[in-house]
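[1] Sequence below, structure please.
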Amino acid sequence: MSSIHQLLGPNGPLADALPGFRPRREQLAMADAVAETLELRTSLVVEAGTGTGKTFAYLVPALFSGRRVIVSTGTRTLQDQLYHRDLPLVSQALGRPVKIALLKGRANYLCRHRLTVALGTPQLPGLERAKSRSLARIERWSRTTESGDIGELESVPDNDPLWLQATSTRENCLGPECPEFRGCHVLKARREAQAADLVIVNHHLLLADMALREEGFGELLPGADAVILDEAHQFPEVAAQFFGTRLGARSVESLARDALAELTRAGLLDAGARALIEGLEQQLTVLQRALTGLGERIEWAALPDAVPEAAADLGAALLAIAALLDAPALEAPGVRQCGRRAADAAARLASILELDESTGLRWVESGARSWSFEFTPFEVAERLKSQVEARPCAWIYTSATLAVGDDFSHFTGRVGAEHARTLLIASPFDYETQSRLFLPLGLPDPADRAYTGAIIAQALPLIRAAGGRAFLLFTSYRALGEGARLLKESLGPDDAFPVLVQGEGPRDGLLRRFREIGNAVLLGTGSFWEGVDVRGPALSLVVIDKLPFGSPDDPILKARLEGLKRGGRNGFMEYQLPQAVLSLKQGVGRLIRDPDDFGVVMLGDPRLTTRNYGRAFLSSLPPMTVTRDPAEAGEFLRHHLRDVLAAAP
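    Residues are numbered from 1 along each chain as shown. Below is the predicted model:
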C-alpha cells in the first residue's frame, strides 16, 4: 500500500505532472481499498463523495497492479475523459505505459457498407438537399478516418438522425457477409479492445459481454482480472433495460427503408416485394392511429383491443417480408439480412404480446410519430449475480451516490452484490462553511396547484441575491414549463441575467452557454440532475422543487413495486424512498464541485420536515449548515459573491 501512497502523495509523480494536484486522505483510503480488492479478487462497493478524486483512486492502483482491467462508465462523456485525458496522464506520470482501448457501441462507428447503400439510393424517403450535403461530408470524412468514431466529424452532430443511415446496429449488421468486413471499424475497435491492458466500455456493452450476446463480444470478460464500474448508480437501470424486450416504430421503419434500398441495389425490387413493404408501412400507420390519444406511457391493461390486434397484424406483415427476403437462394447478403431482421422483429413483438404477467411488466410508449412496445422484468439482481459469480475477477462499483445514509443494501440488492465489502468515503469539502441548505417555511402541499408558484416566489430573492448563477431543478416537465413561465413573468428590468430552459436547445449547448455567460439561470429536469459539472461562481444556487419520488403512474416504477410486492416486501421503503434519496443526492451534488466553490441549496418540499421519512433524505446529504431564514441565505450569497458582483459590468 505504501507504493500507492507515494504515487498519490505530495511528492509523488502525479503531483509533479498535474498542476493543482492536492493529496487527499479520502483518495488514499479509496485507493487502498481498490488495491486490496484487486489483489484478493473480491468485490467492493464504494461511495466516494464529490472531491474525493475517485477516478485517480481507482486508476492508479489499477495501472500499478499490472492486471488486465475493464472500466465501465455510464456516459460517453466519461469514457472520452478517461481515454483522452485521465489515463494518458496517469500512465505517463507513473512511468507505466499500458495499451489502452476505447470501445463504444456500434452506433458510434461508421459503417462503410451502409454509407455506400445510402449514397447509392438518393431516392430514399426523407433525404432532402440539406441531408444530401451532410451525407457528402460523411463520405469525404470516411476516406480519411482511422477509427471511424463519428464524434470526429463535428460538422455532423452525433445525434443527427442521418447517422442511422451510415452506422449499423446488431440487427442490420451483415457480419462476415459484409463486403466491407475487412475494413469494419467496429471489428477493428473490438480487436484493439481484446489486445489492450485496460479497456474503457459503457455499462450496456459490459452487460452485453456478460450475457455473451452477439453485441457484446464475449472475449473481453474471460481475460479480465478486474471490472471497475464508475457511475455505478446507473447500472441497475441499464441492466433492467438490457434484460427487457423492446420493439419500436423507428426500427421497423428503418427495416422497411433498408429492405427497399437493398432490393433496389441488388436489382430484386419487383411488384410483389414493393407491395409487401408498402403493406408493412400501412400496418405501421394503422398501429399509430390506434395509439393516438391514449397518452405517452400506457399500461398494458389500459390498451383498447384495437392496439394488440393492430400489433398482431404488424407481426404478420413482418413475417411475410421475412419469408420473402430470408431465402437461401438469394445471393444478396443485405437482402437476406433484412429478412432475418424482419423475423427477429416479429419474434420480439410476439414475445411481448404473449408474455406471462408474472415475470415482468408490459407497456407502450407513444408519441406523435412513433411508438414502442416494452417489457421490463421485475428483477434482474439474480441474473447479474450469476454472471458476476461465473467470472472470478475483482468487481469494483463506485459512484458519489450509492448509499442511503450509511446503508448500501438498496444498491447491493439491485445488482446482486449483497456480500461485497462496502466503503463510505465522505467528501473532503468543508460543506458547513462553503454552503447553506435553505428549507423555506410556509410552502403549500406539493400536490397543491399553487405549489410551483410558491417555489418561484421563494427562489426569486435568492436568484437576485446571486445575480443569476442558478440551477432550478424540477421533478416533472409540467412543473418545469410552469416554473419557466412564472419566472420570466416575474423578472423586471433590473434582472440582468439570461434564463435558459431545457428544451430550448441541446443539453450540452445549454450547459456550454450557462458556463460562458457566467450569470445565467438554467431550468431543467431529468438529465440535469446528474452528470453536470459547473465549477466556480457561475453556479452558486441550486433550487430543487420537490423530493424526486418517481411518478406513481410510471409503468417501470410499477414493475419494480409489483416485483417487491410479490416477494412480500415493502415497495415504498425498499425502492421508492431509497431511489428518491439517491436522486436528491445527485441534484444537491451539482452545487459544490471544487474546494473553492460556495453556494446555497434550496430544498422546497415541506415533507422534509413534516414526514418521518424526511430524516432519511437529510441524513444522506452533505453536512451543510441548515437555515430556514431566507434573509440569511440571501446574505450568504451576497457575501461570497461580493467581489464577483462588484466586477460585473
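[2] Can you give me the neighbour number for residue 323?
    Other residues near residue 323 number 13, with proximity taken as other CB atoms under 10 Å. Any C-beta I mention is one placed from the backbone N, CA and C, and that applies to glycine too.
[3] so where do the strands sit in the stretch 1-150 of the chain?
    Taking DSSP state E, counting those that start in this stretch, the strands of the stretch 1-150 of the chain run over residues 43-48, 69-73, 100-102.
[4] Report the residue spans of the stretch 201-350 of the chain with pLDDT below the cut-off.
    212-219, 222 (pLDDT under 70).
[5] one more time with 80
    The model of the stretch 201-350 of the chain has pLDDT under 80 over residues 211-222, 327-331.
[6] hmm, back to that, residue 308 is nearest to which of the strands of the stretch 1-150 of the chain?
    When the strands of the stretch 1-150 of the chain are compared by CB to CB, strand 69-73 sits nearest residue 308, at 37.3 Å.
[7] in terms of contact, does residue 609 touch residue 437 like I think?
    No: judged on CB atoms under 8 Å, residue 609 makes no contact with residue 437 at a distance of 11.9 Å.
[8] more neighbours, these two?
    The neighbour comparison of residue 609 against residue 437 (other CB under 10 Å) goes to residue 437, with 22 against 13.
[9] tell me the contacts of the residue lying closest to the more buried one once chain neighbours are set aside?
    Setting aside the residues directly before and after it, residue 437 is nearest to residue 624 in space (CB to CB, 6 or more residues apart in numbering), at 4.0 Å. Each residue near residue 624 by CB atoms under 8 Å, 6 or more residues apart in numbering is listed here: 431-432, 435-437, 601.
[10] Against residue 641, how distant is residue 624?
    Distance, residue 624 to residue 641, using CB to CB, to the nearest Å: 18 Å.
[11] The residue lying farthest from the centre of the chain and residue 342: what is the separation?
    Most distant residue from the mean C-alpha position of the chain: residue 271, 44.0 Å away (CA atoms, centre = their mean). For residue 271, the distance to residue 342 (CB to CB) stands at 19 Å.
[12] mind listing the helices for the stretch 201-350 of the chain?
    Here the stretch 201-350 of the chain has its helices, by DSSP state H, counting those that start in this stretch, at 203-210, 235-242, 249-266, 271-291, 306-325, 333-354.
[13] Would you mind telling me which of those is nearest residue 565?
    Judging the helices of the stretch 201-350 of the chain by CB to CB, what sits closest to residue 565 is helix 235-242, at 16.9 Å.
[14] helices or strands up against the closest one?
    On a contact count with 3 or more CB pairs under 8 Å, 6 or more residues apart in numbering; DSSP states H and E, helix 235-242 meets helix 203-210, strand 371-377, helix 409-415.
[15] quick one: which of these is nearest residue 192?
    Counting by CB to CB, residue 192 lies closest to helix 203-210 out of the helices and strands packed on helix 235-242; the figure is 13.8 Å.
[16] ok and that closest one relative to strand 69-73, angle-wise?
    For helix 203-210 against strand 69-73, the angle by axes from the mean of the first three to the mean of the last three CA atoms, to 10 degrees is 140 degrees.
[17] picking that back up, tell me who's in contact with the residue farthest from the centre of the chain.
    No contacts exist for residue 271 under CB under 8 Å, 6+ apart.
[18] That one and residue 477: what is the separation?
    From residue 271 over to residue 477 the distance is 47 Å, taken as CB to CB.
[19] Over to residue 405?
    Using CB to CB, residue 405 is found at 30 Å from residue 477.
[20] Kindly report the same for residue 227.
    36 Å.
[21] the domain parsing of this structure - what is it?
    In terms of domains, the chain is parsed into 2-99+196-241+381-425, 106-186, 245-377, 431-647 (source: automatic domain parsing).
[22] Now residue 563. Nearest residue, chain neighbours left out?
    Leaving aside its sequence neighbours, residue 563 sits nearest to residue 378 (CB to CB, 6+ apart; 2.8 Å).
[23] Tell me which residues of stretch 637-647 come out buried.
    637, 640-641, 644-645 (16 or more other CB atoms under 10 Å).
[24] of all those residues, which comes closest to residue 83?
    The nearest member of the buried residues of stretch 637-647 to residue 83, counting by CB to CB, is residue 644 at 34.9 Å.
[25] thought that closest one was touching residue 537?
    Yes: judged on CB under 8 Å, residue 644 makes contact with residue 537 at a distance of 4.9 Å.
[26] Quick check: neighbours shared by the two?
    By CB under 8 Å, 6+ apart, no residue touches both residue 644 and residue 537.
[27] low pLDDT regions in the stretch 51-200 of the chain?
    Ranges of the stretch 51-200 of the chain meeting pLDDT under 80: 120-133, 158-159.
[28] now do 90
    Applying pLDDT under 90 to the stretch 51-200 of the chain flags the ranges 75-78, 80, 89-98, 104-107, 114, 116-137, 151-165, 168-179, 182, 190-195.
[29] ranges for the helices of it?
    Counting by DSSP H, counting those that start in this stretch, the stretch 51-200 of the chain has these helices, from start to end: 54-65, 76-81, 87-94, 112-120, 129-142, 185-195.
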